[in-house]
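1. show me the folded form of this:
(one chain, ligands or ions: 2)
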Amino acid sequence: MALLRVEGLTVRYGALAALNDMSWQVEAGEILGIIGPNGAGKSSCFAAVTNAVRRQGRVHLAGRDVTGVPTYELARLGLRRTFQHNAFFGELTLLENAMAAMLLQHSTSLGRSIAMPWQEAATRRRAERAAAELLTSFGIAPSDHAKRPGDIAYGTQRLLSVVLAYGAGAQALLIDEPAAGTGGPDMKRLADLLVDLRRRGVAVVVIEHHMDLIMTIADRIVVIDQGRKLAEGPPAEIQRNDAVLEAYLGRAA
Ligand SMILES: Nc1ncnc2c1ncn2[C@@H]1O[C@H](COP(=O)(O)OP(=O)(O)OP(=O)(O)O)[C@@H](O)[C@H]1O
Ligand SMILES: [Mg+2]
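-> Numbers count the residues shown, from 1 in each chain. Ligands and ions are numbered 1, 2, ... in the order given. I've put the predicted structure just below:
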């Protein structure tokens, strides 16, 4: 059974149908790639899945219809999204960012998280250890943990966004252009991170423009063009799909 299944998602901004009758599914331990030209509707799709925009259609998570569930509650259920731009607490260290991410995801209500006894030294030490372990296990070196996000390498910032979204565990992660603005060794680290998430059983959906990255790690690819699904299949098939080549190459020419 698919861990995350979306059906007939449609997003309109005024007269523009940014996303039109989009359906796909992803299983636990699978990487679904989403590609498509600029403005195709990829990010709008993530907004639709996470109920962050007015949309039509249905969303099922782990067999449950979660269409009406608000964004923050979906996050608590383990369906989370990262953004094209970096998003973290700029005034907190990496370690504190990780602690905050884990804390927000673990508590059943905001009230309880506020009431958490952070003052208690032993509790804080435990939380710090867990946060340090989270960062290190995903390849963020301890020498960076006391720094603020703005003071670490850009490639590591991109990694951090994904790690914070995962927090202490997630069922499904929607990752929007993780490799944006990076190249070379950073792309390799990101690829390793995404494959690691798959190994941990997460249902991973990745939007990415870097074809070499997505074609290497994705199990399946959905191509979006002008809000609609243009093609779907394993990377090797997508690479020789005429309609896909036309959408990318024909229009770029
Ligand atoms: N909040 C908004 N209000 C109005 N139009 C929007 C809004 N967000 C996106 N759009 C438009 O909807 C269409 C789809 O945008 P979207 O951001 O989903 O594309 P994308 O595939 O993620 O593109 P990119 O690869 O450039 O990130 C575009 O034409 C965009 O200009
Ligand atoms: Mg986008």
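
2. any low-confidence regions in this structure?
-> Residue ranges of the chain with pLDDT under 70: 105-120, 249-253.

3. what do you get if the cut-off is 80, keeping everything else the same?
-> 84, 86-87, 104-124, 248-253 (pLDDT under 80).

4. kindly report the residues of it close to ligand 1.
-> 13, 16, 18, 36, 38, 39, 40, 41, 42, 43, 44, 84 (CB under 6 Å from any ligand atom). The way it works is simple: take the backbone N, C-alpha and C, and place the C-beta from them, glycine included.

5. which of the residues you listed fall in strands?
-> Cross-referencing the residues of the chain next to ligand 1 against strands under DSSP state E gives 13, 16, 18.

6. between those residues, which has the most around it?
-> Counting neighbours by other CB atoms under 10 Å, the top entry in those is residue 18, with 22 neighbours.

7. ok, that one to residue 43 distance?
-> 9 Å (CB to CB, to the nearest Å).

8. need the residue closest to the centroid of this structure.
-> The centre of the chain sits closest to residue 175, judged by CA atoms, centre = their mean, with a distance of 2.2 Å.

9. those helices in the stretch 151-253 of the chain, which residues are they?
-> Counting by DSSP state H, counting those that start in this stretch, residue ranges of the helices within the stretch 151-253 of the chain are 154-166, 184-199, 211-217, 235-239, 242-245, 251-252.

10. in TSV: those, plus mean neighbour count.
-> What follows is the helices of the stretch 151-253 of the chain, written out as TSV (neighbours: other CB atoms under 10 Å):
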stretch	mean neighbour count
helix 154-166	21
helix 184-199	17
helix 211-217	17
helix 235-239	15
helix 242-245	14
helix 251-252	8
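
11. can I get the ones you listed in a markdown table including distance to residue 8?
-> A markdown table is the format used below for the helices of the stretch 151-253 of the chain (distance: least, CB to CB, whole Å):
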| stretch | distance to residue 8 |
| --- | --- |
| helix 154-166 | 26 |
| helix 184-199 | 27 |
| helix 211-217 | 25 |
| helix 235-239 | 22 |
| helix 242-245 | 21 |
| helix 251-252 | 26 |
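
12. what's opposite residue 26 in the beta bridge?
-> Beta bridges link residue 26 to residue 4 when assigned by DSSP bridges.

13. what about residue 67, how many residues close to it?
-> 16.

14. grab the nearest non-local neighbour of the closest residue to ligand 2 within the chain.
-> Among all residues of the chain, residue 43 sits closest to ligand 2, at 3.1 Å; criterion: CB to the ion. Of all residues not flanking residue 43 in the chain, residue 176 sits nearest, at 5.7 Å (CB to CB, 6 or more residues apart in numbering).

15. the one you found: neighbour count?
-> Neighbours around residue 176, by other CB under 10 Å: 21.

16. contacting residues for it?
-> 42, 43, 46, 81, 82, 83, 84, 207 (CB atoms under 8 Å, 6 or more residues apart in numbering).

17. burial measure for the second one, as a count.
-> Right, the one you point to is residue 43. Residue 43 has 20 nearby residues by other CB under 10 Å.

18. which residues does it contact?
-> Residue 43 neighbours (CB under 8 Å, 6+ apart): 84, 176, 207.

19. just give me the closest of these to residue 32.
-> Within these, the smallest distance to residue 32 is 10.0 Å, found for residue 207 (CB to CB).

20. is the closest one in a bridge, and if so with what?
-> residue 34, residue 176.

21. in contact with it, which residues?
-> 33, 34, 35, 42, 43, 46, 174, 175, 176, 177.

22. show me where the stretch 1-150 of the chain has its strands.
-> Using DSSP state E, counting those that start in this stretch, the strands of the stretch 1-150 of the chain run over 4-13, 16-26, 31-35, 55-61, 64-65, 79-81.

23. how about TSV for those strands, with distance to residue 247 added?
-> Shown next, in TSV, are those (distance: least, CB to CB, whole Å):
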stretch	distance to residue 247
strand 4-13	19
strand 16-26	15
strand 31-35	10
strand 55-61	23
strand 64-65	32
strand 79-81	25
